[in-house]
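Return atomic coordinates for the entry below.
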Amino acid sequence: MKKLLLLSFVAICFISCQLTERIYLSESGAVRYENEVDFSDVLPIAYSDKDKDSLRQIGQFPVDTIMSFSGMESFMNGMKQDSLNDAQKEFMKSLDKMKVRMVTNDNVGKFVIFLEEKDIDSFNAYFDEIKTAADELEKKDKASAQDITDKGMFNILEIKYNGKKFERISKNKPISPEEWNDSTAQAARQMMSMFNYKLEYHFPKRIKSASVEGAAYTLDGKTMTLEIPLMDALEHPEKYNFTIEFE
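Coordinates of the predicted model:
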């Protein structure tokens, strides 16, 4: 399993992938949040037939498993929980509700960070907890905080909905160009500038209008998608706050 996850991580970090943020808002008011990293297009590079056969023999391919987000982060950083400093531990504790689904087979390679809450108030309260923990981490361990932010793995959001109107508000701090201040960071920025970040929002009602340009809508009018440059989303998150009105 660990070899499979490591190969996935290498593919994600160094080869183009699709990042998608999803919100599912149900008629009952329940919210499902997802942030998906899809690296299906590079599976032939990440896994040779020989690699797949070897992994199949030990039951590690194909894979479809769910783990805690904190468990995945600890593994990706090559650290055990007991090797994290106190600030990192506190932040990881704030992510206790986040889960990650890993899927890798002959045709699909992706991981999906997801969260389900019973209503919007609970959703916003939980993201406020994450933001408080992230702010505290930045005070105590700025390097770790910046590393988490720069990954663009998930946005700290606030959403509002009253049946007639929906609002998306990003609470991420903008990343200034000056923060990419060494050759390694500049190389990462150049690579990330090739990626798009896709917003995909699903609603129980038909959309009448949206305050954002360039969006596409499904035939039933209940789903809106928007593709934006990843670097622009990281450096100017406020540009992608929007309001949707329903019929």
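
Moving C-terminal from the helix or strand that residue 92 is a member of, which element do we reach first?
Per DSSP states H and E, residue 92 falls inside helix 86-94. Per DSSP H and E, helix 86-94 leads on to strand 99-104 as the next helix or strand towards the C-terminus.

Can you give me the neighbour number for residue 135?
13 (other CB atoms under 10 Å). Using the backbone N, CA and C atoms, a C-beta is placed for each residue, glycine as well.

the helices in the protein, which residues?
2-14, 43-46, 49-57, 69-76, 86-94, 120-140, 142-150, 183-192, 230-235 (DSSP state H).

can you count the residues close to the nearest residue to residue 63 once chain neighbours are set aside?
Nearest non-adjacent residue to residue 63, counting by CB to CB, 6 or more residues apart in numbering: residue 104, 4.9 Å away. Neighbour count of residue 104, defined by other CB under 10 Å: 27.

what bridges to residue 104?
Beta bridges link residue 104 to residue 63, residue 109, judged by DSSP bridges.

Correct me if wrong: it contacts residue 61.
Yes. Counting by CB atoms under 8 Å, residue 104 does reach residue 61; the two are 6.9 Å apart.

which residue of this protein sits farthest from its center?
The C-alpha centroid of the chain is most remote from residue 57, which lies 31.7 Å away (CA atoms, centre = their mean).

Can you name the residues that contact that residue?
With contact set as CB atoms under 8 Å, 6 or more residues apart in numbering, residue 57 has no partners.

Likewise for residue 115?
Counting by CB under 8 Å, 6+ apart, residue 115 touches 32, 33, 97, 98, 99, 123, 126.

same thing with residue 143?
Contacts of residue 143 (CB under 8 Å, 6+ apart): none.

And it, how far from residue 93?
According to CB to CB, to the nearest Å, residue 143 stands 19 Å off from residue 93.

One more: residue 63?
27 Å.

So for the two, which residue has more residues nearby?
residue 63 (16 against 11).

Run a quick check on the more buried one versus residue 108, I expect a contact.
No. Between residue 63 and residue 108 there is no contact under CB under 8 Å: 10.3 Å.

Need the overlap of contacts for those two.
Contacts common to residue 63 and residue 108, judged by CB under 8 Å, 6+ apart, are absent.

Just to check, residue 17 is in contact with residue 42?
Yes. With contact defined as CB under 8 Å, residue 17 reaches residue 42; the gap is 7.2 Å.

what about the closest residue to residue 206 other than its chain neighbours, how many neighbours?
Spatial nearest neighbour of residue 206, chain neighbours left out: residue 221 (4.0 Å); criterion: CB to CB, 6+ apart. Residues near residue 221, counting by other CB under 10 Å, number 14.

same check, this time on residue 176
Close neighbours of residue 176, defined as other CB under 10 Å, add up to 9.

correct me, but residue 108 touches residue 42?
No. Checked against CB under 8 Å, the pair residue 108 and residue 42 is beyond contact range at 11.8 Å.

Between these two, point out the one with more neighbours.
Legend: neighbour count by other CB under 10 Å for residue 108 and residue 42, higher for residue 42 (16 against 13).

I'd like the distance between that one and residue 111.
14 Å.

Any idea what residue 38 is bridged to?
Beta-bridge partners, per DSSP bridges, of residue 38: residue 18, residue 110.
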